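>>> A predicted structure for the sequence below; I have some questions about it.
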Amino acid sequence: MTDLSTTYLGLNLKNPLVASASPLSKKLDRARKLEEAGASAIVMYSLFEEQIIHESLELDHFLTRGSDSFAEALSYLPDGGMYGVGPEKYLNQVAGLKKALSIPVVGSLNGVSKGGWTRYAKQIQDAGADALELNLYYIPTDPEVTAQELENAQVELVAEVKSAISIPLAVKISPFVTALPNFARRIVEAGANGLVLFNRFYQPDFDLDELEIVHSLDLSTSAELRLPLRWISILYGKVNADFALTSGVHDAKDVLKAMMSGAKVAMMASNLLENGEQIIPTMLNEIGWWMESHEYESIKQMQGSMSQKSVKEPAAFERANYMKVLNSFKDMA
């Protein structure tokens, strides 16, 4: 019997397929369907730092009505829309999911600065979350801010959040870091038990008729798997953390590749949003079939088998591969 079980953040999971942070976790009935379909865990949609700040500013605004002290700040922070729920409602939803589901529930915080808002990490834990995912989403725009200053601030934030909780902490990071292995190691040394690779940065577009900035959500494709696949393969065995691969997980082969790179779990959102939870049992069956046909007895057996430290050609993950790919186009000409 093929064993699909894995462990992530100290949690025993029946398989490596995890529903990543998305609006799907906002409704209890959808979360139940994800569990019934076979998802081994669910990551809550994020509670954003801006939402907490906005709520505090709004309260203070009404308490000091007439002074317009925070009018600019209130107008600057965007309407959260689907994600615009206050902290208390979010905490209630964490508690509701935990009560209704038997699979682990991972809370999610999205922010970049230290401050009073980080106390919600403890409150998410107290609401029943089995672990916490801290999403470091920041776009640097100030030329005066150095990479070292920004990285230091993020490492300090991880340490502050970790000091507030006793449950496992995973940190979702950006690929846009000059020395990613060093940054990853610093994040782990600050207290992270796991690393989630990678955060998807949503890019703005231009409306040429209205001359306005257009915000749209483009779902991922399997092609996006290559970036986290490469970096988990490089980091595996060098950074002592559990790796979760997210972005580009769409079929059974994507999950298998994630495991071989060294990931403990493969997180999926876009495919679930597009096709629904009914794709999960199909993917799990295909994973089991592939493993049997290739004589793998367990998921744990294959984890890290294609990482940089395990393959015959480690340079394939580095600069040498660039020249090889370019030569392949030359051969086709």
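Okay, I see it. None of the values given here were measured: they were computed from a predicted structure.
>>> make it CA atoms for all contacts and neighbour counts henceforth
Will do.
>>> Touching the helix or strand containing Met259 from outside, list them.
Assessed by DSSP states H and E, Met259 sits inside helix 252-261. With CA atoms under 8 Å, 6 or more residues apart in numbering as the contact definition, helix 252-261 has outside contacts at 16-17, 222, 225, 229-230, 232-233, 236, 245, 248-249, 265-266, 283-284, 286-287, 299, 302-307.
>>> try stretch 171-189
Identification of contacts with stretch 171-189 by CA under 8 Å, 6+ apart yields 133-137, 151, 155, 158, 192, 194-200, 235, 239-241.
>>> Among these, name the ones in strands.
The strands, defined by DSSP state E, take in Glu133, Leu134, Asn135, Gly194, Leu195, Val196, Leu197 from those.
>>> re the thing from before, which of the contacts of helix 252-261 are buried?
With neighbours counted using 16 or more other CA atoms under 10 Å, the contacts of helix 252-261 contain these buried positions: 16-17, 225, 229-230, 232-233, 236, 245, 248-249, 265-266, 283-284, 287, 299, 302-307.
>>> Ala39: what secondary structure?
coil (DSSP: H, G, I helix; E, B strand; the rest coil).
>>> Need the phi and psi values for it.
In terms of degrees, to the nearest 10, the main-chain angles of Ala39 are phi -60, psi 140.
>>> residues contacting it?
For Ala39, counting by CA under 8 Å, 6+ apart, the contacting residues are Asn15, Leu17, Val18, Ala19, Ile280.
>>> Could you rerun that using 10 Å?
When contacts are counted by CA atoms under 10 Å, 6 or more residues apart in numbering, Ala39 is found next to 13-19, 31-33, 103-104, 267-268, 277, 280-281, 284.
>>> Dump the ones in strands among the contacts of stretch 171-189 into TSV; add pLDDT as well.
As requested, the ones in strands among the contacts of stretch 171-189 are arranged in TSV below (pLDDT from 0 to 100):
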residue	pLDDT
Glu133	97
Leu134	96
Asn135	92
Gly194	98
Leu195	98
Val196	98
Leu197	97
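>>> now the strands: where do they sit in the stretch 101-250 of the chain?
105-110, 131-135, 169-173, 194-197, 205-207, 212-214, 242-246 (DSSP state E, counting those that start in this stretch).
>>> since we're on Lys99, how many residues are nearby?
Using other CA atoms under 10 Å as the criterion, Lys99 is surrounded by 12 other residues.
>>> so where does it fall, helix or strand?
Element membership for Lys99, per DSSP H and E: helix 87-100.
>>> what does Lys300 give?
helix 299-302.
>>> Remind me what that helix packs against, helices and strands.
For helix 299-302, the packing partners by 3 or more CA pairs under 10 Å, 6 or more residues apart in numbering; DSSP states H and E come out as strand 6-8, helix 252-261, helix 279-293.
>>> What residues sit buried inside the second one?
The neighbour-count check on helix 252-261 (16+ other CA under 10 Å) flags Ala252, Asp254, Val255, Leu256, Lys257, Ala258, Met259, Met260, Ser261 as buried.
>>> where along the stretch 51-200 of the chain do the helices fall?
71-76, 87-100, 119-126, 147-164, 180-189 (DSSP state H, counting those that start in this stretch).
>>> will you turn these into CSV that also has distance to Glu295 and mean pLDDT?
Formatted as CSV, the entries for the helices of the stretch 51-200 of the chain read as follows, by distance: least, CA to CA, whole Å; pLDDT from 0 to 100:
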stretch, distance to Glu295, mean pLDDT
helix 71-76, 57, 38
helix 87-100, 37, 93
helix 119-126, 40, 94
helix 147-164, 40, 94
helix 180-189, 33, 98
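>>> Which of these sits closest to Ala41?
helix 87-100 (10.9 Å; CA to CA).
>>> now the angle between strand 105-110 and the closest one, please.
An angle of 160 degrees separates the directions of helix 87-100 and strand 105-110 when computed by axes from the mean of the first three to the mean of the last three CA atoms, to 10 degrees.
>>> Please compute how far helix 87-100 lies from its chain's middle.
A distance of 20 Å separates the C-alpha centroid of helix 87-100 from that of its chain, computed with CA atoms, centre = their mean, to the nearest Å.
>>> Residues contacting it, please?
For helix 87-100, contacts defined as CA under 10 Å, 6+ apart pick out 25-29, 31-32, 42, 44-49, 51-52, 55, 83-84, 103-108, 117, 120, 123-130.
>>> again, only this time at 6 Å
Applying CA atoms under 6 Å, 6 or more residues apart in numbering, the contact partners of helix 87-100 are Ala127, Gly128.
>>> For it, C-alpha coordinates in PDB please.
Below are the C-alpha coordinates for helix 87-100, written out as PDB (Å, rounded to 0.1, in the frame of the first residue of the first chain):
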ATOM      1  CA  PRO A  87      -9.600  41.000  13.400                       C
ATOM      2  CA  GLU A  88     -12.400  39.800  15.600                       C
ATOM      3  CA  LYS A  89     -14.400  38.200  12.800                       C
ATOM      4  CA  TYR A  90     -11.200  36.600  11.500                       C
ATOM      5  CA  LEU A  91     -10.500  35.100  14.900                       C
ATOM      6  CA  ASN A  92     -14.000  33.800  15.100                       C
ATOM      7  CA  GLN A  93     -13.600  32.200  11.700                       C
ATOM      8  CA  VAL A  94     -10.400  30.500  12.800                       C
ATOM      9  CA  ALA A  95     -12.200  29.100  15.800                       C
ATOM     10  CA  GLY A  96     -15.200  28.000  13.600                       C
ATOM     11  CA  LEU A  97     -13.000  26.100  11.100                       C
ATOM     12  CA  LYS A  98     -11.000  24.400  13.900                       C
ATOM     13  CA  LYS A  99     -14.200  23.300  15.500                       C
ATOM     14  CA  ALA A 100     -15.700  22.000  12.300                       C
END
